[in-house]
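Engineer: predicted model, plus sequence, below.
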Amino acid sequence: MELCRATLSRAPFLPAAPPSLPVRDFRKRRVVCLSSGKSESTESPKDTQMVVSVTGATGFIGRRLVQKLLADKHKVRVLTRSITKARFVFPGKKIKKEIMQSRINVTSKVVDLINHTNAEVRPSVLVSATAIGYYGTSETQVFDETSPSGNDYLSEVCREWETKAHNVDNGVRLVLIRIGVVLGKDGGALAKMIPLFMMFAGGPLGTGNQWFSWIHLDDLVNLICQSLTNPSYKGVINGTAPNPVRLSEMCDQLGQVIGRPSWLPVPDFAIKAVLGEGASIVLEGQRVLPAKAKELGFSYKYPYVKDALKAIVREL
């Protein structure tokens, strides 16, 4: 199967052994693609081993995903624009040279490769993940998988990514994951917020009234893995937790977990300087619900933001 994911920014990557995942946050959008099929190997006790090819594997989410796939005894091949970086992050793993020059072209290249692959070895699933930026922003509207696309820049980017994915051969199961703000200790929005709170400078971003549609990194990785293996997962699935919160509540919960006050608002201009295009997601907000995941019976390890934050802070 194959996965394409948009995350939102990049921060420095960190080496680890066994392979752990480098760090990116939500300032810029980046696509991650995965493709896999059944392995001819019989190493897996249940004979369900996959061969998974991953682009974006050195990113915040991709790195954790590769960790889980390897732990589950699947074979992983990394597709990358930087062989040096990939070998540094995943020493000893099989690395393939870049398949794209631009973020949008990744999905197009992977889809083209799948469509021109012999039917006997063609991947059975394509998981293409963009972001909840697809819906645009609103303080009042509630979005689910049936909601129309927005009309801003990020919405346009997400639409184009998904359009490319829809070109995959109709014999390949297609899953489109729209990812919210991912919370984890090594990157994403939280990596930029925690240091401010530790210095007693943390507080609401912008007005604090905007909705914050989040998901814990472990839940997102599990959702991706379910999409790879479970034939019931198809079409659009929102990669968000079932309980979005106002950003002021998220900051208040973070302050409580860290043991620091949450009272100093961060001005809009500072957020825009740090996050660029991604600032609109934070400043204007989106209330996005994972209706499809709940319908499929997906089990969240962290459905509430306070529990997610506690788990992340314990790992620091």
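Structural biologist: Yep, it's here. Residues are numbered from 1 along each chain as shown.
Engineer: what residue ranges in the stretch 51-200 of the chain are flagged as low confidence?
Structural biologist: 53, 55, 79-103, 198-200 (pLDDT under 70).
Engineer: which residues in it form helices?
Structural biologist: 60-71, 83-89, 103-115, 153-165, 188-198 (DSSP state H, counting those that start in this stretch).
Engineer: could you dump these to CSV with distance to Gly235?
Structural biologist: Using the backbone N, CA and C atoms, a C-beta is placed for each residue, glycine as well. CSV is the format used below for the helices of the stretch 51-200 of the chain (distance: least, C-beta to C-beta, whole Å):
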stretch, distance to Gly235
helix 60-71, 21
helix 83-89, 31
helix 103-115, 16
helix 153-165, 11
helix 188-198, 26
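Engineer: now these in CSV, with distance to Lys310 and mean neighbour count?
Structural biologist: Shown next, in CSV, are those (distance: least, C-beta to C-beta, whole Å; neighbours: other C-beta atoms under 10 Å):
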stretch, distance to Lys310, mean neighbour count
helix 60-71, 19, 22
helix 83-89, 28, 17
helix 103-115, 34, 20
helix 153-165, 30, 19
helix 188-198, 12, 19
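Engineer: the helices in the stretch 201-316 of the chain, which residues?
Structural biologist: Under DSSP H, counting those that start in this stretch, the stretch 201-316 of the chain gives helices at 217-229, 247-258, 268-275, 279-284, 291-295, 305-315.
Engineer: mind listing what's buried in the shortest one?
Structural biologist: Spelled out, that is helix 291-295. 291-293 (16 or more other C-beta atoms under 10 Å).
Engineer: now, among those, which is nearest to Leu69?
Structural biologist: Ala293 (19.9 Å; C-beta to C-beta).
Engineer: tally of neighbours for the nearest residue to the closest one once chain neighbours are set aside?
Structural biologist: Of all residues not flanking Ala293 in the chain, Ile237 sits nearest, at 5.6 Å (C-beta to C-beta, 6 or more residues apart in numbering). For Ile237, the neighbour count with other C-beta atoms under 10 Å is 26.
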